[in-house]
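**Student:** Here is a sequence with its predicted model. Questions after.
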Amino acid sequence: MKVTMVGISGSGKTAYMSALYETLGDAGQNEAGFYIAPRSVQQFDKAILSVGDFSRFSLADKLKWPDGTQQTTVWPFTVYHNSRPVTYFDWIDYRGGILTEITDTTDTQEAPDMVRSEITDLASHIELSNAVILVADAFVLTYYPNIKEARHRSGARRIHEIFTTYSRIYPNRNLIFVIMLTKADTVDDKWKTDNYAPLIERGLEVFNQMVSLQKQNPSWEGCIVPVSAVGEGNVHRSVTPTEDIKHPFRSEDKIVGFPQPVNAEHVLFYCLGQTLKQMREEAGKSIRQREKELSEILKQAGLVNKIWSLIMRKPDAESIARAILEEKNKDYEILSQFETHIEPLLGKALERVRQIK
C-alpha cells in the first residue's frame, strides 16, 4: 500500500509528519488504539530517496519546527491496532519544489538529471499510489481574496494540472485523495466557526477542479479536512506585508504552547480505511468470480469427463475445481486479514473529515 503526500514548499508537509509522530508514532496516544511504527527495509536504489528517522520529527521534544523536506523521502510503516499488525504502507514525502519544476519544465530532457529523475519518480509514485494527500496552507487560502490567486499561491493550480493529466491517462483507475488544509490554527476566527465549515468551503472552492474530477471519475473517493500540527493557541504568528509581488507577505510562527495536533490521524485513517475497503471489494469480486467458475466446472464433472481428460492428458473438471477452490480460499484469507479493521479506521476518520460528493 502506498500513500503519497504532495504540496508546494512551505505548505506544511514536514510539520504534518511531526503531528503524525505525536499522534500515531511512538509517543502517540489515541482512543482508537491504532499506531504506526517504521519497519526495517532496504533503501531504494535511487540517490534522491532515503528512509528517515521518524522520531526526529517530534515537536514536543524540541518545541521548534523541523527542517523542510529538502530530499524526497520514503517512509516504510507498519500499522498496528491494539499492538497487532494490521497492514504495511509506504509513506512518500516529496520535496515541495518538485511541484514547481514538474509544471515549469516544458521538456524534461532539458531539465537537470536530478530534477528529471524526481519528476519521473513522482509520476511513477502517483501512478502506483493507493492514496494521495494534497497539502495546502490554510492561511494562504484565506489570505488572498482573489480565488485565482489563492489557487496559484497555494499550489492547487499545479496539483490540478497533474491530476487532470492523471484522469485523462487512467480514466478507470481507483484513486483516494485527501485535501489537507494545514496550519488551520493560524486562520482568522471567522474561518473556524462550526468546526471550520467556512474554511472547508473555501478549500473546496480553491480545489474545485479536484471536486469536478471526482464527479467525472466514479472510482475516485475524496475528502477534505483542516489540520493543525500544534493545536489552537499554541503558536504565535506574526505576518508582515511586503512590496514584493512574488512574496506579498512574510510570516513567522513561534511555538508558545505544548503541541496538541488536531485531526492529524484522521487523514491517515481515511487513506488506509478507504484503501482497505477497496481491497475488500476487489477481493469480494474475485471470490464471486471464482465461485461462478467453480459452479460451471462442476457441472462438467463426471466419469466421462475423467476418462476423456485421462486420454487427452489434461486436467479433469474436478481437479480444476479444486485448484479454483484453493485460490478462493486464498482470497478469503487475504480478506479476513483486514476485514475487521476497515470500519474502525473509516469510522474514526469520518468523525472529522468531510467527504466530497
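**Tutor:** Arrived safely.

**Student:** the domain parsing of the protein - what is it?
**Tutor:** Following the assignment in automatic domain parsing, the chain carries domains at 2-280+345-356, 283-340.

**Student:** what about the last one, average pLDDT?
**Tutor:** Mean pLDDT, computed over domain 283-340, is 56.

**Student:** Confidence-wise, which helix or strand of the chain is lowest on average?
**Tutor:** helix 303-312 (a mean of 48; mean pLDDT, DSSP states H and E).

**Student:** need the strands for the chain, in chain order.
**Tutor:** 2-6, 34-38, 73-81, 84-93, 131-137, 175-182, 220-226, 235-241, 249-255, 354-356 (DSSP state E).

**Student:** measure the residue nearest to Glu205 when sequence neighbours are not counted to Met1 for me?
**Tutor:** Once flanking residues are discounted, Glu205 sits nearest to Ile147: 6.0 Å by CB to CB, 6 or more residues apart in numbering. C-betas here are computed from N, CA, C, even on glycine. Relative to Met1, Ile147 is positioned 35 Å away (CB to CB, to the nearest Å).

**Student:** So between the two, which is more surrounded?
**Tutor:** Neighbours were counted for Ile147 and for Met1 using other CB atoms under 10 Å; Met1 has more, 17 against 14.

**Student:** I figured the more buried one hits Gln278, correct?
**Tutor:** No: using CB atoms under 8 Å, Met1 is not in contact with Gln278, being 10.4 Å away.

**Student:** Which neighbours do these two have in common?
**Tutor:** Asn130 (CB atoms under 8 Å, 6 or more residues apart in numbering).

**Student:** so where's the stretch 151-300 of the chain uncertain?
**Tutor:** 283-300 (pLDDT under 70).

**Student:** Quick check: pLDDT value at the residue lying closest to Tyr170 once chain neighbours are set aside.
**Tutor:** In space, and not counting its chain neighbours, Tyr170 is closest to Glu127: 7.4 Å by CB to CB, 6+ apart. Note for Glu127: predicted pLDDT of 81.

**Student:** how near is Glu127 to Ile162?
**Tutor:** Counting by CB to CB, the gap from Glu127 to Ile162 is 11 Å.

**Student:** Also Thr4?
**Tutor:** Distance, Thr4 to Ile162, by CB to CB: 11 Å.

**Student:** residues shared between the contacts of these two?
**Tutor:** With CB under 8 Å, 6+ apart as the test, Thr4 and Ile162 both reach Ile126.

**Student:** my guess is Asn234 contacts Asp253, does it?
**Tutor:** No: counting by CB under 8 Å, Asn234 stays clear of Asp253, with 10.1 Å between them.

**Student:** Hmm, Ile133 and Ser11 touching each other?
**Tutor:** No: under the criterion of CB under 8 Å, Ser11 is not in contact with Ile133, lying 10.7 Å apart.

**Student:** quick revisit: more crowded one of Thr4 and Ile162?
**Tutor:** Thr4 (23 against 18).

**Student:** I'd like to know the beta-bridge partner residues of that one.
**Tutor:** Beta-bridge partners for Thr4, by DSSP bridges, are Ile92, Val132.

**Student:** Just the pLDDT for it.
**Tutor:** 87.

**Student:** Who are the contact partners of it?
**Tutor:** Ile92, Tyr94, His125, Ile126, Ser129, Ala131, Val132, Ile133.

**Student:** what sits against the closest residue in space to the last one that isn't next to it in sequence?
**Tutor:** To tie it back to what came earlier, the one meant is Ile133. Leaving aside its sequence neighbours, Ile133 sits nearest to Met5 (CB to CB, 6+ apart; 4.5 Å). Neighbour list for Met5: Lys13, Tyr16, Trp91, Ile92, Asp93, Tyr94, Val132, Ile133, Val135 [criterion: CB under 8 Å, 6+ apart].
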